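Peer 1: below are the sequence and a predicted model for it; my questions follow.
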Amino acid sequence: MPNDRKSVVEEARSWLGTPWQHQGRTKNGIDCAGLVVKVAHALGLSEFDRTDYVRNTRGQEFVNVFREHLDEVPLLQLQAGDVVLFRDQMFPCHSAIVSEKYGQQYIIHADARHRKVLEEPLDAHWRSKWIAGFKFRGVE
């Protein structure tokens with residue numbers, strides 16, 4: 001399978017509707033980190049996985065794991081197929097894969113509030129919470 005941005009987005013979209021499950025790694029249930037992990041696995045970009053985390057992460061550990069396995073990119077340079085991390089009041093960190101629809105940026109993520117993987121606009125609400133952007137190594 002080619003390692004391009006379109007393939008990343010297509011693989012992430014194949015998870016749309018999958019139920020949310022903390023530390024899930026299957027089509028029966030997945031969380032936000034698991035979605036990034038499984039997309040990387042499906043495309044042969046990484047074999048890394050880790051499920052020894054708590055739901056309410058603290059500090060920079062969540063971010064540091066992404067820094068170790070992905071290449072950081074400036075938030076304003078995010079493109080479809082990149083990964084973005086968010087800070088939230090209830091959950092200190094959340095991850096999503098950037099996509100594009102109707103000429104604007106969207107995110108694909110496993111959302112605990114909606115209890116499933118969904119694709120929604122990367123709007124002002126989400127941009128106010130973003131903290132870091134990353135690119136999968138080997139994706140052009």
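Peer 2: Here it is on my side, so go on. Residues are numbered from 1 along each chain as shown.
Peer 1: run through the bridge partners of Lys135.
Peer 2: Lys135 has these beta-bridge partners by DSSP bridges: Asp71.
Peer 1: verify the stated contact: it with Gln77.
Peer 2: No. Counting by Cβ atoms under 8 Å, Lys135 stays clear of Gln77, with 9.3 Å between them. To be clear about C-beta, it is placed using only N, CA and C from the backbone, and glycine gets the same treatment.
Peer 1: mean confidence for the longest helix along the chain?
Peer 2: The helix that spans the most residues within the chain, counting by DSSP state H, is helix 32-42. For helix 32-42, mean pLDDT is 96.
Peer 1: which strands and helices lie in contact with that helix?
Peer 2: Secondary-structure packing of helix 32-42 (3 or more Cβ pairs under 8 Å, 6 or more residues apart in numbering; DSSP states H and E): helix 5-13, strand 25-26, strand 94-101, strand 104-111.
Peer 1: point out where this protein drops to low pLDDT.
Peer 2: Counting by pLDDT under 70, the chain contains low-confidence residues at 1-2, 54-59, 89-92.
Peer 1: and Ala80, how many residues sit next to it?
Peer 2: Ala80: 17 surrounding residues under other Cβ atoms under 10 Å.
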